[in-house]
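Undergrad: Structural data only, the sequence is not supplied:
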């Protein structure tokens, strides 16, 4: 939470300081940090795995399909996969933070210089990050796809000294901040230029809009921390928006570059077709095979051609200032495409890895430890007083096998009788995410002084008992896919995220004028058995 608030302050500060100009200059500085950090990390990471030959061998041991030029079992064939690989990048042109920077270019000379700078700077950076990603895959065998975002910081802390690791982490935050401030400014511009154009000339109002947008974005991030799963939903919407914007705006930009001027209805039909295609493609589950922006752009272009053909209000030439190809030219083009298609598909059939090879059914072993995690607090209670024991559990906690609440106290000063004072406990698990397989939150009254008394318990997920019964070291054998799914389950405890509370009260039995004790020091302890995965290694 603290990091989110610091980021909010920094983003708002330099958005206020200079708007898009400040954003561009800070992007330049942040890019320098990123390229330096990624270069250092790439060199150290490749050295860690024994150079490029060692990296190749490590990846081949993990999955032979990873060192093959083509992936296995392509749903739509290799031709469309290659086309989508290159054309998918066109979707970036629909991103508002990119468009806003393009709009700052003064003339064609600036455009050419910007293009050169982009390719000179971005190409090596992408190559470096690609190599770093491969090194992470070779070094951290227990990381699965859902933990991919953890690879870079883990690698930095694993192979670098603290100073250089700090540079790498700074480069990660630089990239995050660069995108964050750009999105805030893009949203501000959309509101002040499109929704309420009269605000665009009011400097004070635009600053207020910037602040409101930043507050709204920060609130989403904070809510996502408090409600497990909410952040996943927001991320899914962000991904949908990224593909949707690319599919919606890129076709419109391209036909306008060709000189075609669509009217409002023509434009709306194209945009609707693109957005519908993104949603249908994503829901159908094919998004992992082909970027949704590709079918979206295809749907938009198809709609454009149909409207030009069937709608009288639309210009009949879909290519604007360019003429449609002749029948002979179209036939030659079709033959070339078919030959290329046949060559690529034949090459794929000959060179692609077999499905069994890509899946890698070799035996693997997962090692993990179950250890005790405790948090205690001593409550000094007076007769009739109630205090609350509270523990905050964040989303970095790995899987919890069980959680037990206990109290312990030693009754002293009983001059009249030897009766122990009554301690009343009332656990409250409503602040935890849940649901639990089993839980005991009953109110209890105990006078068992001088011993440890259990007063509450939680079994977050009964399925975890299959993998451990108590503290100790464990191993589990199976295929990589089987163990990765187990590793994913052991790596998080969504049910236990939140606040655990328990009210503790004292009813003194001998607190009176004859010298009895009317106070007690009660030690309250939460003990959790937590899984700590060690690693996933091939055994055959």
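TA: Right, received. Where do you want to start? What you see is a predicted model; the values in this text were computed from it and never measured. Numbering: from 1, shown residues only.
Undergrad: Next, residue 524: secondary structure please.
TA: Remark: residue 524 carries the secondary structure label strand [criterion: DSSP: H, G, I helix; E, B strand; the rest coil].
Undergrad: so who does it touch?
TA: 376, 377, 378, 379, 389, 405, 406, 407, 502, 504 (Cβ atoms under 8 Å, 6 or more residues apart in numbering). Backbone N, C-alpha and C define where each C-beta goes, glycine included.
Undergrad: who's it bridged to?
TA: Going by DSSP bridges, residue 524 is paired in beta bridges with residue 377, residue 407.
Undergrad: low-confidence ranges in the protein?
TA: Applying pLDDT under 70 to the chain picks out residues 1, 18-19, 142-147, 224-235, 354-362, 411-419, 510-517, 540.
Undergrad: now the strands for the stretch 251-400 of the chain?
TA: Remark: strands assigned in the stretch 251-400 of the chain by DSSP state E, counting those that start in this stretch are 363-382, 386-393, 400-408.
Undergrad: Mind listing what's buried along stretch 213-221?
TA: 213, 214, 217, 218, 221 (16 or more other Cβ atoms under 10 Å).
Undergrad: oh sorry, the question was meant for stretch 454-461
TA: Within stretch 454-461, judged by 16+ other Cβ under 10 Å, the buried ones are 455, 456, 457, 458, 459, 460, 461.
Undergrad: Kindly report the same for stretch 343-356.
TA: Going by 16+ other Cβ under 10 Å, stretch 343-356 has these buried residues: 344, 348, 352, 353.
Undergrad: How about stretch 392-408?
TA: 393, 395, 397-408.
Undergrad: Just give the closest residue to residue 368, not the sequence neighbours.
TA: Ranked by Cβ to Cβ, 6 or more residues apart in numbering and with sequence neighbours excluded, the top spatial neighbour of residue 368 is residue 533, at 4.4 Å.
Undergrad: can you state the direction angle for the helix or strand that that neighbour is a member of and strand 363-382?
TA: In this structure, residue 533 sits in strand 519-538 according to DSSP states H and E. Relative orientation of strand 519-538 versus strand 363-382 (axes from the mean of the first three to the mean of the last three Cα atoms, to 10 degrees): 170 degrees.
Undergrad: what angle sits between strand 519-538 and strand 400-408?
TA: Using the same axes, to 10 degrees: strand 519-538 against strand 400-408 is 160 degrees.
Undergrad: domain assignment for the protein?
TA: 2-77+92-226, 363-538 (automatic domain parsing).
Undergrad: Go through the strands of the stretch 251-400 of the chain and pick out the most buried.
TA: strand 400-408 (a mean of 21; mean count of other Cβ atoms under 10 Å).
Undergrad: Okay, buried residues for the helix or strand following that one please.
TA: Counting by DSSP H and E, the element after strand 400-408 in chain order, helix or strand, is strand 422-428. For strand 422-428, burial by neighbour count (16+ other Cβ under 10 Å) applies to 423, 425, 426, 427.
Undergrad: Residue 125: what's it in contact with?
TA: Taking Cβ under 8 Å, 6+ apart, one finds 34, 35, 38 in contact with residue 125.
Undergrad: Of those residues, which belong to helices?
TA: 34, 35, 38 (DSSP state H).
Undergrad: Among these, which one lies nearest to residue 263?
TA: Lowest distance from residue 263 to the ones in helices among the contacts of residue 125 (Cβ to Cβ) belongs to residue 34, with 43.0 Å.
Undergrad: Burial check on that closest one, number of neighbours?
TA: 24 (other Cβ atoms under 10 Å).
Undergrad: what's the answer for residue 472, then?
TA: So residue 472, with other Cβ under 10 Å, has 11 neighbours.
Undergrad: coming back round to it: export the buried residues of stretch 213-221 as a markdown table, with columns for distance to residue 468 and secondary structure.
TA: As requested, the buried residues of stretch 213-221 are exported to a markdown table (distance: Cβ to Cβ, whole Å; DSSP: H, G, I helix; E, B strand; the rest coil):
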| residue | distance to residue 468 | secondary structure |
| --- | --- | --- |
| 213 | 47 | helix |
| 214 | 45 | helix |
| 217 | 40 | helix |
| 218 | 39 | helix |
| 221 | 34 | helix |
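Undergrad: Cool, thanks, talk later.
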